[in-house]
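# model this:
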Amino acid sequence: MPAVSVDTFFACSLMVLLVLTAMATTSKVLYPYIENSAGKNKSMKAMEISRYLLLTAGYPVNWGHDSQTVPSSLGFAFAEVAVPYDLDVDKISRLNSANRYSLSYAQMFSALGMPDVSFRVQMDPCFNVTIELAGTYTLPSETVYEFGIMTDKNGLVVASDLAWYVVAGEYLGSGTALALEGRTSFNVTMQDVVDGPGLLVVFARSCYDDRMVSFGVHGFAHGSVSPEPAGIFLRLSPLNDVLDVYPLAENLSMSDVYVVTFSHNFTLASSGSSNQSALYGIPRLVGSSPIVLVATGWNGSGFFAEWTAYPQVPVVAGADFAGTVGIAEVSAFQYVVSVRGGLYKCTIWVGGLRE
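Now for the predicted structure:
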């Protein structure tokens, strides 16, 4: 399937976004009457609720920044929004249960203030980055890893520029590649003296819209040491441009904390501590790339690397409608939204509405 197919899809999505933008003011005005609009069908009411969540900031308007604030009114828009569907990086991050300061569904449900409505929010990059370890080649003092990369959207290829990083022990490697047909491969060579396991981070930027930047992360064995599941050693919680690193195991020794994006990579210095957590300031960077934060350290004699993204996506929060029989209808609405200049796909499910 040619790359132009998915580019056409993205172009159409953006055109739809412009149309929805024109309807934003109307949607905000209609919200107070949703519960009393008996003449409307449930699908229209559900759409208005989904827009309301994306077009309003909630209350307090900056509830995402303060880790201890639970909003009394729910909305995910940036407080100083100039363009509709521009969302707050911290409100989105607080939907992720991996974040120490995430909202529970009960808190979100209460803040929406509509007792007959159940909802679910999912946010992802606009397209997928799939990483596969295609081959391992052992040499006298080093090992070569061949990685295959695929960039696609619902099976349609996405022509992309790639930037990749490898973290292992005290080693940070990087490189670039092209996936003009949605597929490519590259080799990573690591000295055997480097402590494993390794962590590969790949960013893919659409060749046709540099606001669309996706990423993938893949752990791999190096030096006979295999990666542990994520979240075993540290809980990483980015919020208000600060990374909270909370230990989940004893006898941990922190090493380096890296910031990597499509165009940048550097090491963070600790800016303090709070309630057993180490804190690291996250710089505001130019560009639309999401930030991947990698925290490394030692568990006894073994190396580990934990990671998270900022905004903390992919994320799914809210009611689980799978197999639900009691809710007569569940409506799903998909939007293209922006967070700090980058474009993401947001899907909101709404169910439980009465006629």
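# and Ser72, how far is that from Ser110?
Separation of Ser72 from Ser110 (Cβ to Cβ, to the nearest Å): 8 Å. No exception for glycine: its C-beta is placed from N, CA and C like everyone else's.
# ditto for Asn62
As judged by Cβ to Cβ, Asn62 and Ser110 stand 19 Å apart.
# neighbour count for the two, which is higher?
When neighbours are counted by other Cβ atoms under 10 Å, Asn62 and Ser110 differ, and Asn62 comes out ahead with 18 against 15.
# spatially nearest residue to that one (excluding sequence neighbours)?
The shortest distance from Asn62 to any non-neighbouring residue, by Cβ to Cβ, 6 or more residues apart in numbering, is to Ala79 (5.1 Å).
# ok, the one you found - contacts?
57, 61-62, 88 (Cβ atoms under 8 Å, 6 or more residues apart in numbering).
# which SSE is it in?
Here Ala79, judged by DSSP states H and E, is contained in no helix and no strand.
# do you know the pLDDT at it?
Ala79 carries a pLDDT value of 86.
# where does this protein have its least confident helix or strand?
helix 24-30 (a mean of 37; mean pLDDT, DSSP states H and E).
# count the neighbours of Gln334 for me.
Gln334, neighbours per other Cβ under 10 Å, totals 12.
# and what of Ser271?
Neighbour tally, Ser271, other Cβ under 10 Å: 12.
# can you tell me the SS state at it?
strand (DSSP: H, G, I helix; E, B strand; the rest coil).
# check contacts around it.
Contacts for Ser271 (Cβ under 8 Å, 6+ apart) come out as 242, 279-281.
# for stretch 91-98, what does the pLDDT average out to?
Summarised as a single mean, pLDDT over stretch 91-98 is 98.
# picking that back up, and the contacts of Ala79, which two are the farthest apart?
The span of the contacts of Ala79, defined through Cβ to Cβ, is set by Val61 and Asp88 at 9.1 Å.
# more neighbours, these two?
Taking neighbours as other Cβ under 10 Å, Val61 and Asp88 compare with Asp88 leading, 25 against 18.
# elements contacting the strand or helix carrying Gly216?
Assigning secondary structure by DSSP H and E places Gly216 in strand 213-220. Helices and strands touching strand 213-220, as assessed by 3 or more Cβ pairs under 8 Å, 6 or more residues apart in numbering; DSSP states H and E, comprise strand 118-125, strand 128-138, strand 142-153, strand 198-206, strand 302-310.
# which stretches of the chain have low pLDDT?
Within the chain, the set of residues satisfying pLDDT under 70 comprises 1-40, 81, 323-328, 354-355.
# most centrally placed residue in it?
Centroid check for the chain by Cα atoms, centre = their mean gives Val313 as the closest residue, at 1.4 Å.
# now do stretch 58-70: distance to the chain's middle.
Taking Cα atoms, centre = their mean, to the nearest Å, one finds the center of stretch 58-70 at 19 Å from the center of the full chain.
# ok so, going back, can you lay out the contacts of Ala79 as TSV showing distance to Arg211 and secondary structure?
Shown next, in TSV, are the contacts of Ala79 (distance: Cβ to Cβ, whole Å; DSSP: H, G, I helix; E, B strand; the rest coil):
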residue	distance to Arg211	secondary structure
Ala57	22	coil
Val61	25	coil
Asn62	24	coil
Asp88	17	coil
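# closest one to Val158 out of these, please.
Asp88 (26.7 Å).
# beta partners for Gly148?
Beta-bridge partners of Gly148, counted by DSSP bridges, are Glu132, Ser185.
# ok, now how distant is it from Leu248?
Counting by Cβ to Cβ, the separation of Gly148 from Leu248 is 32 Å.
# between these two, who's got more neighbours?
A count of neighbours by other Cβ under 10 Å puts Gly148 above the other of Gly148 and Leu248, at 14 against 11.
# show the contacting residues for the more buried one.
131-134, 183-185 are the contacts of Gly148 under Cβ under 8 Å, 6+ apart.
# narrow those residues to those that are buried.
Among the contacts of Gly148, those classed as buried by 16 or more other Cβ atoms under 10 Å are 131, 184.
# thinking again about what came up before, how about JSON lines for the helices and strands packed on strand 213-220, with distance to Leu53 added?
Output for the helices and strands packed on strand 213-220, formatted as JSON lines (distance: least, Cβ to Cβ, whole Å):
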{"stretch": "strand 118-125", "distance to Leu53": "7"}
{"stretch": "strand 128-138", "distance to Leu53": "25"}
{"stretch": "strand 142-153", "distance to Leu53": "24"}
{"stretch": "strand 198-206", "distance to Leu53": "26"}
{"stretch": "strand 302-310", "distance to Leu53": "21"}
